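Visitor: pasted the sequence and its predicted model underneath.
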Amino acid sequence: MALCYSRRLYIEFVLSQSMGSFLRCMERGLAFFGGSAETEIYDNMKTVVLEPHPRHPVFNQRFLKYASARGFAVRACTPGRGNEKGRVERPIGFVRSRFWPGRRCTDLLDLNVQAAAWRDGPCNNRVHEATGKVPALVFENEEKRLLKPLSPISIEADDLLPGGVTKLFRVGFDRNRYSVPSRLVAQSVLVRADDETVSVFLGPKEVARHRRSWGIGEDIEDPSHRRAVIEERPRASGALPLGLQGLGETGSRYFQVFAASNRSLAREAQRLVLLVELFGESQCTSAIAEVMQTGHVGAEYIEYVLRHKRRLRPSPPPLLLGDPQLDLLSFREPDLAVYDNPTPMTRDPGAPPDGSPE
């Protein structure tokens, strides 16, 4: 970023060309100069110009709102006219030839610290080859007082990305994944990010905050989100679901192994609860141990052992209605053998026993 008259230069290295990153650079650049010009000239990058045109370019509306808030007009270079952007193109070549050769840095922060020292030293204090003057001196004595002061209003300069929460309670942003509370699965959220942090919002409420990763394909998880999942879903920690506590250590080991698969834990628990009700806890426990010895897991294997290999018949427990008076009722099983050889009828069942008419 260079001032056209004094040629004073601002330089900063970043890892993103997104709109948010560009606006944050603009903010730091304008703060460095202490104001803005009446009109600022830009090349035809997408963050400023959506559709280049010699006379009627289509500008990015978000950037126009930013320029309006900061009080300067926007002008785009004419496509194919390299002479219109020489004051920026030449400093890029100057940086490449004077700053970059032989430079070593440990990270982005170290690089920008070195760039700031070079900018405020050899770069802006040299005699400019085109003007024959020192950019820093021309700026301090002539140009600085002509800049428009910056308005104190706050500017929206975050990267914004709407998205959905996956079943693994993650949101994707900038080729990485960030965790959110598991209760937000399938919800639509808004990701806001600056150079340091990534925040996730559900409506106006911030539901997660992470340190931003500039890597690729990384998974960033808040440990509290994982702990909440374990507390809400005991099966995720290997604990037995409700109704299967009688399976003991064998059942815990079974669910610990089963949880590593991509099959539904809820469906597996439902099927095992039914088998326990039909065949009893002891039979199911031994069947589970037998199935695991073969290297398998799955309710279908356990049911095969119980029904076909052991030839067990379901014996479900009595139905409980929740009322002690009704649950304690006991009835003698009726003898149905009387219907096997019914006695032949010799009279109308509706006639009187002595055969006299009514």
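Guide: Thanks, I have the structure now.

Visitor: contacting residues for the residue nearest the centre of the chain?
Guide: Closest to where the C-alpha atoms of the chain average out (Cα atoms, centre = their mean) is residue 171, at 1.1 Å. Residue 171 sits next to 163-165, 177-178, 180, 189, 191, 200 when contact means Cβ atoms under 8 Å, 6 or more residues apart in numbering. The C-beta positions use only the backbone N, C-alpha and C, and glycine is treated the same way.

Visitor: any chance of those residues in JSON lines, plus neighbour count?
Guide: What follows is the contacts of residue 171, written out as JSON lines (neighbours: other Cβ atoms under 10 Å):
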{"residue": "163", "neighbour count": "15"}
{"residue": "164", "neighbour count": "12"}
{"residue": "165", "neighbour count": "24"}
{"residue": "177", "neighbour count": "17"}
{"residue": "178", "neighbour count": "27"}
{"residue": "180", "neighbour count": "23"}
{"residue": "189", "neighbour count": "19"}
{"residue": "191", "neighbour count": "21"}
{"residue": "200", "neighbour count": "25"}
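
Visitor: so the residue nearest to the centre of the chain sits in a strand?
Guide: Yes - using DSSP: H, G, I helix; E, B strand; the rest coil, the secondary structure at residue 171 is a strand.

Visitor: could you check how far it is from residue 327?
Guide: Separation of residue 171 from residue 327 (Cβ to Cβ, to the nearest Å) stands at 50 Å.

Visitor: now swap in residue 309 and tell me
Guide: Taken as Cβ to Cβ, the span from residue 309 to residue 327 is 34 Å.

Visitor: quick one, strands of this protein?
Guide: For the chain, strands defined by DSSP state E occupy the ranges 39-42, 49-51, 58-59, 73-76, 159-164, 170-173, 176-179, 188-193, 197-202, 205-211, 219-220.

Visitor: quick one: neighbours of the residue nearest to residue 301 when sequence neighbours are not counted, just the number.
Guide: Among residues not flanking residue 301 along the chain, residue 291 sits closest, at 4.5 Å (Cβ to Cβ, 6 or more residues apart in numbering). For residue 291, the tally of surrounding residues (other Cβ atoms under 10 Å) stands at 20.

Visitor: one more: the one 4 residues further on?
Guide: Neighbourhood size, residue 295 [other Cβ under 10 Å]: 6.

Visitor: likewise residue 63?
Guide: If you count neighbours by other Cβ under 10 Å, residue 63 ends up with 21.

Visitor: give me every residue that touches it.
Guide: Counting by Cβ under 8 Å, 6+ apart, residue 63 makes contact with 19, 22-23, 47-48, 74.

Visitor: again, only using 10 Å
Guide: Counting by Cβ atoms under 10 Å, 6 or more residues apart in numbering, residue 63 touches 19, 22-23, 26, 42, 45-50, 74.

Visitor: check residue 320 too.
Guide: Residue 320 neighbours (Cβ under 10 Å, 6+ apart): 326-327.

Visitor: how close does it sit to residue 327?
Guide: Counting by Cβ to Cβ, the gap from residue 320 to residue 327 is 5 Å.

Visitor: walking through this structure, point out its helices one by one.
Guide: Using DSSP state H, the helices of the chain run over 19-33, 61-70, 86-98, 108-118, 135-138, 223-232, 248-258, 265-279, 281-293, 299-304, 324-327.

Visitor: what is residue 170 paired to in the beta sheet?
Guide: Note on residue 170: beta-bridge partners by DSSP bridges are residue 179.

Visitor: avg pLDDT for stretch 85-105?
Guide: Averaging pLDDT along stretch 85-105 yields 87.

Visitor: list the buried residues in it.
Guide: The neighbour-count check on stretch 85-105 (16 or more other Cβ atoms under 10 Å) flags 85, 88, 91, 94-95, 99 as buried.

Visitor: take these and lay them out in TSV including distance to residue 331.
Guide: Converted to TSV, these look like this (distance: Cβ to Cβ, whole Å):
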residue	distance to residue 331
85	97
88	96
91	98
94	101
95	96
99	96
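
Visitor: widest-spaced pair of the residues you listed?
Guide: Longest distance between any two of these is 20.0 Å, between 85 and 99; criterion Cβ to Cβ.

Visitor: so what's residue 107 up against?
Guide: By Cβ under 10 Å, 6+ apart, the residues touching residue 107 are 113, 214.

Visitor: end to end on stretch 189-199, go ahead and measure it.
Guide: 10 Å (Cα to Cα, to the nearest Å).

Visitor: for that stretch, buried residues please.
Guide: With the criterion 16+ other Cβ under 10 Å, stretch 189-199 contains buried residues 189-193, 195, 198-199.

Visitor: ok, residue 15 touching residue 175?
Guide: No - Residue 15 lies out of contact with residue 175 (Cβ atoms under 10 Å); the separation is 11.6 Å.

Visitor: need the overlap of contacts for these two.
Guide: With contacts taken as Cβ under 10 Å, 6+ apart, the residues that reach both residue 15 and residue 175 are residue 214.

Visitor: which one of the helices of the chain lies nearest to residue 215?
Guide: Comparing the helices of the chain by Cβ to Cβ, helix 108-118 comes nearest, at 12.4 Å.

Visitor: rewinding a little: among the contacts of residue 63, which pair sits farthest apart?
Guide: So, the contacts of residue 63 by Cβ to Cβ: farthest apart are 26 and 50, at 17.5 Å.

Visitor: higher neighbour count, the two?
Guide: Between residue 26 and residue 50, counted using other Cβ under 10 Å, residue 26 has the larger neighbour count: 21 against 13.
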